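A.B. asks: Sequence and predicted structure below; questions after.
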Amino acid sequence: PFGALLFSQPGQVAEKQRHAVVTGAAGYLGRELCAQLLAENWRVTAVVRQASAERSSALVELARSAGSLGDLELLSLDLMDEDAL
């Protein structure tokens, strides 16, 4: 599953300060959502269950191609692990 929390107050927050937290970012839909948000100048925290080199590099490449590498943060976190939260 994936989802997104979007933090923005239209008219009050500068464009680059909009922030989204996307869970399931390593999956197809999560990656596509991250790409769309980065293309629209959002800061993105991409939550992945296991930050494997292959999946992480795919997200980093998405950000690089959007010219938004500095706007992507990868967070390795298993949301089903209560101790990790």
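C.D. replies: Noted; the coordinates are in hand.
A.B. asks: measure A58 to E82 for me?
C.D. replies: According to C-beta to C-beta, to the nearest Å, A58 stands 28 Å off from E82. Where C-beta positions appear, they are placed from N, C-alpha and C, glycine not excepted.
A.B. asks: Then E40?
C.D. replies: According to C-beta to C-beta, E40 and E82 sit 34 Å apart.
A.B. asks: Same drill for these two, tell me which one is more crowded.
C.D. replies: Taking E40 and E82 together and counting by other C-beta atoms under 10 Å, E40 has the greater number of neighbours (12 against 7).
A.B. asks: N41 is in contact with A20, correct?
C.D. replies: No. In this structure, A20 is not within contact of N41 by C-beta atoms under 8 Å, at 11.0 Å.
A.B. asks: ok, the two, which is more surrounded?
C.D. replies: Comparing A20 with N41 by other C-beta under 10 Å, the one with more neighbours is A20, at 21 against 15.
A.B. asks: Secondary structure class of that one, three-state.
C.D. replies: strand (DSSP: H, G, I helix; E, B strand; the rest coil).
A.B. asks: quick one: it and Y28, what's the gap?
C.D. replies: 17 Å.
A.B. asks: Please enumerate the strands of the chain.
C.D. replies: 3-7, 19-23, 43-48, 72-76 (DSSP state E).
A.B. asks: got the angle for the longest one vs strand 19-23?
C.D. replies: Angle of strand 43-48 versus strand 19-23, following axes from the mean of the first three to the mean of the last three C-alpha atoms, to 10 degrees, is 10 degrees.
A.B. asks: do the same with the last one
C.D. replies: Relative orientation of strand 72-76 and strand 19-23, computed by the same axes, to 10 degrees: 40 degrees.
A.B. asks: what mean pLDDT would you report for strand 72-76?
C.D. replies: For strand 72-76, mean pLDDT is 84.
A.B. asks: Identify each buried residue in that strand, please.
C.D. replies: L72, L74 (16 or more other C-beta atoms under 10 Å).
A.B. asks: partners of it, with directions?
C.D. replies: As defined by DSSP bridges, the strand partners of strand 72-76 come to strand 43-48 (parallel).
A.B. asks: now what about the partner strand, what contacts it?
C.D. replies: Residues outside strand 43-48 that contact it (C-beta atoms under 8 Å, 6 or more residues apart in numbering) are 16-26, 30, 34, 37-38, 55-56, 59, 63, 68, 71-77, 79.
A.B. asks: Thanks a lot, catch you later.
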